[in-house]
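> let's see this in three dimensions:
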Amino acid sequence: MPGGRLTQQERQQIALGLADGLAYAEIGRRLDRPTSTVTREVMRNGGPTAYRADLAHRATERRAHRRVGKQPAPRGPEAPAQAHGRDAEAVREYEETLATLFMQQGLPKMMSRVLTCLYTTDAGSLTASELVERLQVSPASVSKAIAFLESQGLVRRERDERRRERYVVDDDVWYQSMMASARGLAQLAETARQGVGVLGRETPAASRLENIARFVDFVGESTIRAAEQAREVLYTKPGTS
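Predicted coordinates:
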């Protein structure tokens, strides 16, 4: 039933739906399950191309057995969330959902988990050691993830009063990310037009590349205009319209 643990039969239906090319939302409707449940199930068990119902079911059973009799240990960075009256289990569930969404949109798993941690902390910033503690991963994994996210304009670095390096997602980071995306589109358009000259302007291949260049030019320019117009929304504080 909705909200309960997925059954083996439901996992088989998910596998069949993926094989038929159905969207997660459609699979969820057929199972009477939230789309997020299906998405999370698939992404934590190999993704849409590698999902296997029997393997997913066994993996879930193993995780359940490991949790039996295990006393949950308090996690330092989650203490403030509990102090604000948040439900710790609901927070963990939401973090998993958000990380899964990032993975769906193309971010690797570790980068998605790091970005989720940063977005769901009230401070909007964490040190490397705090990320290591929250995610229970190696410092090298955090360093690699941060380098990737920084290259995409999704995080930035700063030093705090103790000279520790902190990784920050601030009010402007999505604007900067959109602008970085627009610059990438401009580069794609330029490269596509170089191919027009190489392949011969009157050829079908050149025509295809020219159309690509025109398309991404339009999308890139529209992205810049929209980002500029909407930038102030990023600075809207809670409780204000």
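
> how about the strands in the chain?
Per DSSP state E, the chain carries strands over the ranges 125-127, 156-159, 165-168.

> run the chain-centre distance for the second one.
The one in question is strand 156-159. Distance of strand 156-159 from its chain centroid, counting by C-alpha atoms, centre = their mean, to the nearest Å, is 21 Å.

> over to the first one?
Using C-alpha atoms, centre = their mean, the distance from the centre of strand 125-127 to the centre of the chain it belongs to is 18 Å.

> packing partners for it?
The contact analysis (3 or more C-beta pairs under 8 Å, 6 or more residues apart in numbering; DSSP states H and E) places strand 125-127 against helix 109-119, strand 165-168. C-betas here are computed from N, CA, C, even on glycine.

> same thing with the second one?
Under the contact criterion of 3+ C-beta pairs under 8 Å, 6+ apart, strand 156-159 touches helix 139-151, strand 165-168.

> redo the ones you listed as TSV? Include distance to Met103 and mean neighbour count.
Output for the helices and strands packed on strand 156-159, formatted as TSV (distance: least, C-beta to C-beta, whole Å; neighbours: other C-beta atoms under 10 Å):
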stretch	distance to Met103	mean neighbour count
helix 139-151	13	16
strand 165-168	19	17
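
> would CSV of those with distance to Thr60 be doable?
Listed next are the helices and strands packed on strand 156-159 as CSV, based on distance: least, C-beta to C-beta, whole Å:
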stretch, distance to Thr60
helix 139-151, 24
strand 165-168, 32
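
> adding mean pLDDT, write the ones you listed out as a markdown table.
Shown next, in a markdown table, are the helices and strands packed on strand 156-159 (pLDDT from 0 to 100):
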| stretch | mean pLDDT |
| --- | --- |
| helix 139-151 | 90 |
| strand 165-168 | 90 |
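
> so which of those gets nearest Arg201?
When the helices and strands packed on strand 156-159 are compared by C-beta to C-beta, helix 139-151 sits nearest Arg201, at 34.8 Å.

> run through who's touching that closest one.
Under the contact criterion C-beta atoms under 8 Å, 6 or more residues apart in numbering, helix 139-151 has outside partners 108, 110-111, 113-115, 128-129, 131-132, 135, 155-157, 167.

> mind running it again at 6 Å?
Here helix 139-151 makes contact (C-beta atoms under 6 Å, 6 or more residues apart in numbering) with 110-111, 114, 128, 131-132, 155, 167.

> neighbour-wise, which of these leads?
For the contacts of helix 139-151, counting by other C-beta atoms under 10 Å, the largest number of neighbours falls to Val114: 29 neighbours.

> count of neighbours near Ser181?
17.

> so what's it up against?
Residues near Ser181 by C-beta under 6 Å, 6+ apart: none.

> check Thr120 too.
For Thr120, the contact set (C-beta under 6 Å, 6+ apart) comprises Glu95.

> what does the model give it for pLDDT?
Here the pLDDT value assigned to Thr120 is 89.

> phi and psi next, for it.
Note on Thr120: its backbone torsions stand at phi -100, psi 10 [degrees, to the nearest 10].

> from Gln194, how far off is it?
43 Å (C-beta to C-beta, to the nearest Å).
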